[in-house]
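A.B. asks: Predicted model, plus sequence, below.
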Amino acid sequence: MKKLILLTITIFAFTFSNNTNAQMLEGGSIGGGAQFNTLFYGLSAKYNITDVHNAQFIVGGANYGYSSNYSSFTATGRYLYNFLFLDGINLKTYGFGQLGYWSVKFDSTGNKYSSVAFGVGGGGEYSFEGLEQLGLNAEVGYGTGGSFGYYSSYRKAFVGIGVHYYFSF
């Protein structure tokens, strides 16, 4: 599965671009957008501390798989390390570690549970030729954390996508 995702990203990048767009890599640039994966989703803010070190904060909900009578909240911080910016195809690859606070409240019982979540992963972010401020990312990883009473614990591999628009200051 991981090889298929990486191959898809590589083919996509080679097909659609041949110029280097460094907007999404520049130190000091800020990106705003959304991040979605099989564990959680939400609004996302990225800050490129340098061209190698990035921080990301995601606030939203979780995909716990319960019926519709629950509400959830997640606040997740990430550190991203850019391994490689593939010259000529507008693709940066990265690894990340994440730490977050996740909670769930069951409307039918009123029970509320919270937990610390953490995970690791990697991915790639592509910037479009002619619109280098826009980045589209795909990632895979493994997330784990505590449990929510007798309902469930979460520990699984995940795949995700995101889109961010970058501003330079």
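C.D. replies: Here it is on my side, so go on.

A.B. asks: which stretches of the protein have low pLDDT?
C.D. replies: 1-25, 64-68, 85-88, 145-153 (pLDDT under 70).

A.B. asks: Which stretches in it count as helices?
C.D. replies: 2-16 (DSSP state H).

A.B. asks: middle-most residue in it, spatially?
C.D. replies: Nearest to the mean C-alpha position of the chain, counting by C-alpha atoms, centre = their mean, stands Q35 at 5.1 Å.

A.B. asks: my read: it touches K46, true?
C.D. replies: No: the criterion here is C-beta atoms under 8 Å, and Q35 misses it with K46 at 9.1 Å. Any C-beta I mention is one placed from the backbone N, CA and C, and that applies to glycine too.

A.B. asks: Next, show the common contact partners of those two.
C.D. replies: By C-beta atoms under 8 Å, 6 or more residues apart in numbering, Q35 and K46 have these common neighbours: Q56.

A.B. asks: Quick check: Q56 vs I89, distance?
C.D. replies: 23 Å (C-beta to C-beta, to the nearest Å).

A.B. asks: and what of L39?
C.D. replies: L39 is 29 Å from I89, by C-beta to C-beta.

A.B. asks: ok, now S108?
C.D. replies: 50 Å.

A.B. asks: Neighbour count for these two, which is higher?
C.D. replies: I89 (21 against 8; other C-beta atoms under 10 Å).

A.B. asks: for G121, what are its contacts?
C.D. replies: Contacts of G121 by C-beta under 8 Å, 6+ apart are G95, F96, Q98, E139, V140, G141, Y142, G143, F158.
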